[in-house]
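> generate a structure from the sequence data that follows.
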Amino acid sequence: MNYPKRRERLQELLREEGAEGFLLINIEGSDALNLRYLTGFSGSFGLLFLTPDGELLLTDSRYLERARREAPALEVLEVKGNWLDRLAEKLAELGGVRRWGINSLTISLHNYTKLQEKLKDKAKGKELELLPLEGPVERLRLRKDEEELAHIRRAVELTDRAFEHALEVVRPGMTERELAWELEKFMRECGSDGLAFPIIVAAGENSALPHATPSERRLKRGDLLLLDLGARWEGYCADLTRMVSLGEPTARQLEVYEVVLRAQEAAIEGIRPGMSGLEADELARRVIREAGFGERFGHGLGHGVGLAVHEGPRLSPLAEKEQPLEPGMVVTIEPAIYLTGEFGVRIEDLAVVREDGLEVLTRAPKGELRSVPV
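This is a model prediction of the structure:
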């Protein structure tokens, strides 16, 4: 990854925002993904200083050697004692910078207030200002480069394979938790860094819960089974949802599945760069609404995926019109219909926005509702 280039781009953005330097505070993982994006350092504690004249990473004894290995281009120093005191002292030492940009999305109000108080004590007459900025690094992360996309493709490949594994091992009598563990174990044994998110295995009436938690409910003949899973590769996430019928599906299950599939296809075929997330969402929502299930699709069509499984942009009725889709953005396309007390259907693919539309990364079959003989 070209970490120096990323930090350069951030410096350009900071100048546009009126900041002279940037301070990233990662306390026990509070801004871990942004720190990793900018430096490659994956520890849970780190303080990053970016100025026109230099770059500095502070961490504690737990991560000192790790930081030097993962971020060899940066000067790395050890923090001893109270980190807020050391941080304020270092800001005062770096006298060439007066206005420090700081990520308002990830710093707690407590730490922000405490840091301001410490600066008054440590600045020794220097006028230092913390300038809250709304997700400057997150804005850079919206568009993925080809190296990032290669990692996402690998995560998608592992996830697709895990779905095929599920079809081989699923059987009546298993619990939802047992099947979830089979999927997690398979992805880890195939080389996944870990899970992009906790796996969802939801059978029958539980599949109508959009974010169901695997339970001790046993699978049985006639169940419609929702599987939502994602591997992680080199920190980058995949996200896949597929439906499986245990035995022959009913006519109603097939009807709902076909509506959701048509809605997804309409979105995949229609999404173009320059569209708002709201416009993209409407492509699928219109199909579901016209089929009479409009009230049964409560969440948005999709979300961005990268180092986090949920990041920008949003494809939703609540999406901001000011954030159009751009080439390089990776998004989920996941329309759904949830029939409370009966079953739910969600079909989810991962895709990257290109100049001429969407390139779908997911390869797991979906053209018809998969049925497992029982």
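> what sits against residue 192?
Neighbour list for residue 192: 155, 158, 231, 232, 233 [criterion: CB atoms under 8 Å, 6 or more residues apart in numbering]. C-beta here means a position set from N, CA and C on the backbone, and glycine is covered the same way.
> ok, now residue 71?
Residue 71 neighbours (CB under 8 Å, 6+ apart): 3, 39, 40, 41, 57.
> what do you get for residue 139?
Counting by CB under 8 Å, 6+ apart, residue 139 touches 13, 312.
> quick check: buried residues in stretch 262-270?
262, 263, 264, 265, 266, 267, 268, 270 (16 or more other CB atoms under 10 Å).
> what would the residues you listed look like in JSON lines with pLDDT?
Output for those, formatted as JSON lines (pLDDT from 0 to 100):
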{"residue": "262", "pLDDT": "98"}
{"residue": "263", "pLDDT": "98"}
{"residue": "264", "pLDDT": "98"}
{"residue": "265", "pLDDT": "98"}
{"residue": "266", "pLDDT": "98"}
{"residue": "267", "pLDDT": "98"}
{"residue": "268", "pLDDT": "98"}
{"residue": "270", "pLDDT": "97"}
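> in CSV: those residues, plus secondary structure and distance to residue 174.
Converted to CSV, those look like this (DSSP: H, G, I helix; E, B strand; the rest coil; distance: CB to CB, whole Å):
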residue, secondary structure, distance to residue 174
262, helix, 31
263, helix, 30
264, helix, 28
265, helix, 31
266, helix, 35
267, helix, 33
268, helix, 32
270, helix, 38
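> can I get these in TSV with distance to residue 342?
Listed next are those as TSV, based on distance: CB to CB, whole Å:
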residue	distance to residue 342
262	20
263	19
264	21
265	24
266	24
267	24
268	27
270	29
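> check those and tell me the two furthest apart.
Taking CB to CB as the measure, these span a maximum distance of 12.1 Å, between 262 and 270.
> just to revisit the earlier point, of all pairs in the contacts of residue 71, which one is the farthest apart?
The span of the contacts of residue 71, defined through CB to CB, is set by 3 and 57 at 11.2 Å.
> identify the contacts common to the two.
39, 71.
> in a helix, residue 320, correct?
No. According to DSSP: H, G, I helix; E, B strand; the rest coil, residue 320 belongs to no helix; its state is coil.
> what is the burial count for it?
13 (other CB atoms under 10 Å).
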